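Peer 1: The sequence and its predicted three-dimensional model are supplied below.
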Amino acid sequence: TQLLEQSPQFLSIQEGENLTVYCNSSSVFSSLQWYRQEPGEGPVLLVTVVTGGEVKKLKRLTFQFGDARKDSSLHITAAQTGDTGLYLCAGDGDSNYQLIWGAGTKLIIKP
Amino acid sequence: DTGVSQDPRHKITKRGQNVTFRCDPISEHNRLYWYRQTLGQGPEFLTYFQNEAQLEKSRLLSDRFSAERPKGSFSTLEIQRTEQGDSAMYLCASTPGTAGTEAFFGQGTRLTVV
């Protein structure tokens, strides 16, 4: 069974600080996606990483896919209150249609 | 097309009642998913359609749940004889059905069973 574990489950930091959240598995994934979800809304896709070792940047967010394609990280530089939300990772499952979801990291950025 | 839309946004129902939710996916997407999400958790897969065909249903899904996508466009999710444990956010997502599986979600329907 493919599983994705996200850590930490919860993170609360001050505005301006840096942070990293992780998405780990013992399984290999052909790609991983990161989503952000705000309360009462559906998840919104941030990025997809496909190649082992790939690094993608989205403004202050840096996403990395592990060399072995088993893990990924999200680094936020100089966090802002607008970064607050639930960050979810999802990977392509063994089937050709289903995503495997992590439980998410709930991030709170305090002003 | 402005994205995936779900209706209603919120539903409060008494235990034992039936409820039906609607999802309108992005028009050119042929894959449609229903998920359930509880507080602090990631989305839990319920069922999947490719066009009008329901190709997979979670083994964890009670027989009280049924979904349709009659013309390969919008979909409905019905829960019969609701229980308090059914209280959750019900999310619909669509994907293009090509090699990419990036999901585009609706805003969800928040169900509260009292």
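Peer 2: Thanks, I have the structure now. Numbers count the residues shown, from 1 in each chain, chains lettered A, B, ... in the order given.

Peer 1: Please enumerate the strands of chain B.
Peer 2: B:5-7, B:10-13, B:19-24, B:31-37, B:44-50, B:53-57, B:65-68, B:75-79, B:88-95, B:104-105, B:109-113 (DSSP state E).

Peer 1: Spatially central residue in chain B, please.
Peer 2: By Cα atoms, centre = their mean, the mean C-alpha position of chain B lies nearest to residue B:34, the distance being 3.1 Å.

Peer 1: out of the strands of chain B, which comes closest to chain A?
Peer 2: Of all the strands of chain B, it is strand B:104-105 that lies closest to chain A, at 3.1 Å by Cβ to the nearest Cβ. Every residue, glycine included, has its C-beta placed from N, CA and C.

Peer 1: Mean confidence (pLDDT) on the closest one, please.
Peer 2: Regarding strand B:104-105, the rounded mean pLDDT is 94.

Peer 1: Those residues of chain A touching chain B, which are they?
Peer 2: Taking Cβ under 8 Å from any Cβ of the partner chain as the contact definition, chain A meets chain B at A:9, A:31, A:33, A:35, A:40-45, A:48, A:86, A:88, A:90, A:92, A:95, A:97-99, A:101-104, A:106.

Peer 1: now do 10 Å
Peer 2: A:4, A:6, A:9-10, A:30-31, A:33, A:35, A:37, A:39-45, A:47-48, A:50, A:86, A:88-93, A:95-104, A:106 (Cβ under 10 Å from any Cβ of the partner chain).

Peer 1: Restricted to strands, list the residues you listed.
Peer 2: Secondary structure from DSSP E places A:6, A:10, A:33, A:35, A:37, A:44-45, A:47-48, A:86, A:88-92, A:99-101, A:106 of these in strands.

Peer 1: Make a PyMOL selection of the buried ones in these.
Peer 2: This is the PyMOL syntax for the buried subset of these, where burial follows 16 or more other Cβ atoms under 10 Å in any protein chain shown:
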select buried, chain A and resi 6+33+35+37+45+47+48+86+88+89+90+91+92+99+100+101+106
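
Peer 1: Would you mind identifying the helix or strand in chain B with the lowest mean pLDDT?
Peer 2: Across the helices and strands of chain B, the lowest-confidence element by mean pLDDT, DSSP states H and E is strand B:53-57, at a mean of 89.

Peer 1: and what of chain A?
Peer 2: For chain A, counting by mean pLDDT, DSSP H and E, that's strand A:99-101 with a mean of 89.

Peer 1: quick one: strands adjacent to that one?
Peer 2: Sheet pairing of strand A:99-101 (DSSP bridges) gives strand A:85-92 (antiparallel).

Peer 1: pLDDT of the strand it pairs with, averaged?
Peer 2: Averaged over strand A:85-92, pLDDT sits at 94.

Peer 1: Next, the angle from it to strand A:44-49.
Peer 2: Counting by axes from the mean of the first three to the mean of the last three Cα atoms, to 10 degrees, strand A:85-92 lies at 40 degrees to strand A:44-49.

Peer 1: Relative to the whole chain's centre, how far out is strand A:85-92?
Peer 2: Relative to the centre of its chain, strand A:85-92 is centred 5 Å away, using Cα atoms, centre = their mean, to the nearest Å.

Peer 1: Please put the alpha-carbon coordinates of that strand into CSV.
Peer 2: Extracted C-alpha coordinates of strand A:85-92, given in CSV (Å, rounded to 0.1, in the frame of the first residue of the first chain):
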residue,chain,number,x,y,z
GLY,A,85,-3.3,27.1,5.2
LEU,A,86,-3.3,23.4,4.9
TYR,A,87,-0.5,22.1,2.7
LEU,A,88,-1.2,18.7,1.1
CYS,A,89,1.0,16.5,-1.0
ALA,A,90,-0.3,13.9,-3.4
GLY,A,91,1.4,11.3,-5.5
ASP,A,92,0.4,9.3,-8.6
